[in-house]
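S.K.: Could you work out the structure for the sequence below:
(4 chains)
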Protein chains: 2
Amino acid sequence: MGAPGDFETLKQRLVEIEPSLPKRLKQTAAFALQHPDEIALGTASGVARRAHVQASTLVRFAQALGFAGFTELQGIFRTHLRTRWPEYPERLKALHARAPDPGDPMSLLLGFSESAVRSATALRAQIEPETLQGAVELLAQARVVFLLAQRRSFSVAHYLGYAFAQLGAPALLVDDVGGLGREQLALAGPQDAALAISFAPYSPVTLSLTAAARAHGAKIVAITDSALSPLAALADRRLEVVESDFGAFRSLSATFCLAMTLAVAVAERRGR
Amino acid sequence: MGAPGDFETLKQRLVEIEPSLPKRLKQTAAFALQHPDEIALGTASGVARRAHVQASTLVRFAQALGFAGFTELQGIFRTHLRTRWPEYPERLKALHARAPDPGDPMSLLLGFSESAVRSATALRAQIEPETLQGAVELLAQARVVFLLAQRRSFSVAHYLGYAFAQLGAPALLVDDVGGLGREQLALAGPQDAALAISFAPYSPVTLSLTAAARAHGAKIVAITDSALSPLAALADRRLEVVESDFGAFRSLSATFCLAMTLAVAVAERRGR
DNA sequence: AGCACTTTAGAACGGAAGTTCGCAAACAGA
DNA sequence: TCTGTTTGCGAACTTCCGTTCTAAAGTGCT
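M.R.: Next up is the predicted model:
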C-alpha cells in the first residue's frame, strides 16, 4: 500500500496502524496529530526535540506510514497547512458580519471563541498585580483551602480542586452534595482560607457557605464580577473578573485563567 | 535600522523601499507579497525558480530588508502563516518582555491568558463545520443526552449540565458519585445520546462508561484531543480539540467554547 | 559618442544544517 | 535464556544557504 496522499487519509491510516506501533512511534503519532503545524514548518531535528524523540524516529515514523522519508511526510502537512488557510478569513468575515444565521452552529462557535479571546485578553488589564499577589499569599499560608461555588461557577471550583490536588496543595471542594455543605465546612478554622467564586445572580448557597466559613474564622478570597457583589463584602481579598458575553451567554475563560494562575502560584509559593 | 519583527512591519517596509530597488529585487518583492506561503514553506532555490530569479537574489532581497539572510526572512513568513493573527506577535513579544520572572503570579496570569487566547483562536480552524453540524443533529435528536466526563474534563461536563438545564434541553450529568455511574446510565437506550469528554491521559472511568452507553445502544459524540484517542474509537461523531498549553498546564478554553456551542445549538435545534 | 566607474546579475564555491542509514545496546516476549 | 524487535547514537551523505568572484549592464562625465 502506498503513502497517504492527503491529510485526512493520513489521519485515517494513522488510526488504523497506531495500535500495532511501538512506543516511540505512538508517541510520535500523537505529537504529529496534536501539533501539525510544527511538523509542517519545523525541521526534523527541531520537531524531534519538541516531541522528545530521536530524529531518526521521525524518519521511521514516516516510513511506517509508507513515505520514503520525513521530507515526504512533511509535504502532506505543508499542503494541509496551506490549503486550510483560505477558508479562515471567510469565517472571520462571517463572524463580523454579525452572524447572518445566528442559529448556525459554526457562527455560534465563532462567537464564543471571539468572546473567550476578548475575556482572556481583558483579564490582563483587569487584575492588579498587588491584589493577585495578596490573594496568593493568603491562600498559600492557609492550612487548607476550601473551595466554594455553586451552579455556573461550580465547574471552576471543581477544576481548582483537581488542580490543587495535582499540585499537592491541600484543598477541599465544598460541593454541597446532599446538602452537606455546612458539614464539609465544619473543619474550617482560623488557620484556613476559603476561595469563593460567584457571579450575578449570586447563588444564595455560595453566599451563606462563605459567610459560614468566615464565621469559623477562615480568611476569604473572592472571585466575583464587581466590587458591589454581595460576595465582595465578605472577602478579605477580592479578585474582579469581567467576562465578555456572546448573546445571553457569558464566557468563563477569564475565570479559568485566573483559577489556574491561583492554583499554580499558590502551589509554587507553598513549595518554598 | 533593524529587520522587521512581524509580517505587517515587513510589508510596510517593503512598500517604503520598493521604488529604490533594482529590477530583480522589485520582482522578488512582488512575488513575496503575492505568494507568502511559498516563501514560508519552500526552500530558497525552490522559491527562486518559481519567482524566476537567482537564489542569491533572494538572499540579497532579505538583506535589503535588514535580515541576515533568507532564513531569517522566512521566519517572519512562517510565524505569520502559523499564527494567522496579524496583531498577535507584537503582543506576545510585549508579554514576554514584561514578564521575565516565570514564578511571579502576574506572569503566570499572562501566560495562561495567552494560552487561552491561542486555544480559542485555533479552535475556529480546527472544527469542521460539517462535523459540528453532525454532532448537533445527533444530540438534538436524542431523547436524553448523557454527559460523561471525569477528572479534568468533569468541569466541562458539569457546565454542560448546567447549560442544558438552563436551556430546557434534557441532559443528565453522569457524575459517578458514589460509583453509581453505571446505574445512572441504566436508563440509556437507542433513542439516547452520550456526550463524552476526555483528554490524555484518558480517564478509565470515562472510557468504560462510554463503552457502557454504547452497549445500551446510545449514540456517542466525543470531545477529545486526537483521532488516536481511545475515546475516538467509540464515537459516532468526533470533535477534536487541541488545547495550547502553558508550561505543564493545558488550557480548557477551547473545550468550553465548543461545549457552549453544542449546548446552544442543540437547544435551538430542538426548539424547532 | 566613448570611456571609466558604479551598480547589478549570474555562477560557482565553501561551510553548515539537515536527513538518512547502519550498528550496537536495550528491551520485551517466548 | 534466547531471539526478534525497537531504540538511541553517530557517521555519511545530501541539500541548502550565504558569500564571493566575475561578467554585464547602467550611468555620468568628458
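S.K.: tell me the domain boundaries of chain A?
M.R.: According to automatic domain parsing, chain A comprises the domains A:7-84, A:109-271.
S.K.: what comes into contact with the helix or strand containing A:Y162?
M.R.: Assigned by DSSP states H and E, A:Y162 belongs to helix A:154-167. Residues outside helix A:154-167 that contact it (Cβ atoms under 8 Å, 6 or more residues apart in numbering or on different chains) are A:145, A:147-149, A:170-175, A:195, A:197, A:223, A:252, A:255-256, A:259-260, A:262-264, A:266-267, B:151-152, B:154-156, B:158-159, B:162, B:249, B:252. Every residue, glycine included, has its C-beta placed from N, CA and C.
S.K.: Which of those are buried, as a ChimeraX select command?
M.R.: With 16 or more other Cβ atoms under 10 Å in any protein chain shown as the criterion, this ChimeraX line picks the buried residues out of those:
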select /A:145,147,148,149,171,172,173,174,175,195,197,223,252,255,256,259,260,262,263,264,266,267 /B:151,152,154,155,156,158,159,162,249,252
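S.K.: residues in contact with A:R49?
M.R.: If you count contacts by Cβ under 8 Å, 6+ apart, then A:R49 has nothing around it.
S.K.: And the strands in chain A, which stretches?
M.R.: Using DSSP state E, the strands of chain A run over A:145-148, A:171-174, A:193-197, A:219-224, A:237-240, A:245-246, A:249-250.
S.K.: Quickly check: the third one near chain B or not.
M.R.: Right, the one you point to is strand A:193-197. No: using Cβ under 8 Å from any Cβ of the partner chain, strand A:193-197 never reaches chain B; the gap is at least 11.9 Å.
S.K.: Kindly report the same for the longest one.
M.R.: No: using Cβ under 8 Å from any Cβ, strand A:219-224 stays clear of chain B, coming no nearer than 12.6 Å.
S.K.: tell me which strands and helices that strand is in contact with?
M.R.: Using 3 or more Cβ pairs under 8 Å, 6 or more residues apart in numbering or on different chains; DSSP states H and E, the elements in contact with strand A:219-224 are helix A:129-141, strand A:193-197, helix A:204-215, helix A:230-234, strand A:237-240, helix A:253-271.
S.K.: Give the residue spans of chain A that score low on pLDDT.
M.R.: A:1-2, A:84-103 (pLDDT under 70).
S.K.: Residue of it closest to DNA strand C, please.
M.R.: A:G69 (2.1 Å; Cβ to the nearest atom of the strand).
S.K.: I'd like the strands of chain A laid out as CSV, including distance to B:H80.
M.R.: Listed next are these as CSV, based on distance: least, Cβ to Cβ, whole Å:
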stretch, distance to B:H80
strand A:145-148, 42
strand A:171-174, 42
strand A:193-197, 39
strand A:219-224, 37
strand A:237-240, 36
strand A:245-246, 28
strand A:249-250, 32
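S.K.: who wins for proximity to DNA strand D among those strands?
M.R.: strand A:171-174 (36.3 Å).
S.K.: The closest one and chain B in contact?
M.R.: No: shown here: strand A:171-174 not in contact with chain B (Cβ under 8 Å from any Cβ), separated by at least 10.8 Å.
S.K.: and if you look at stretch A:243-251?
M.R.: Yes: residues of stretch A:243-251 are located near chain B by Cβ under 8 Å from any Cβ, namely A:G247, A:F249, A:S251.
S.K.: so which of those comes closest to B:G5?
M.R.: A:S251 (30.5 Å; Cβ to Cβ).
S.K.: and the gap between the closest one and A:H80?
M.R.: Distance, A:S251 to A:H80, using Cβ to Cβ, to the nearest Å: 30 Å.
S.K.: Neighbour count: the two, which is higher?
M.R.: It is A:S251, of A:S251 and A:H80, that has more neighbours when counted by other Cβ atoms under 10 Å in any protein chain shown, with 26 against 19.
S.K.: The more buried one touches A:S113, doesn't it?
M.R.: No: using Cβ atoms under 8 Å, A:S251 makes no contact with A:S113, being 9.6 Å away.
S.K.: Look at A:R269 and say how many residues are nearby.
M.R.: For A:R269, using other Cβ under 10 Å, the count is 17.
S.K.: what does A:R270 give?
M.R.: Using other Cβ under 10 Å: A:R270 sits among 16 other residues.
S.K.: Identify the spatial nearest neighbour of it, chain neighbours not counted.
M.R.: A:A140 (5.0 Å; Cβ to Cβ, 6 or more residues apart in numbering or on different chains).
S.K.: now the one you found: how far from DNA strand D?
M.R.: 38 Å (Cβ to the nearest atom of the strand, to the nearest Å).
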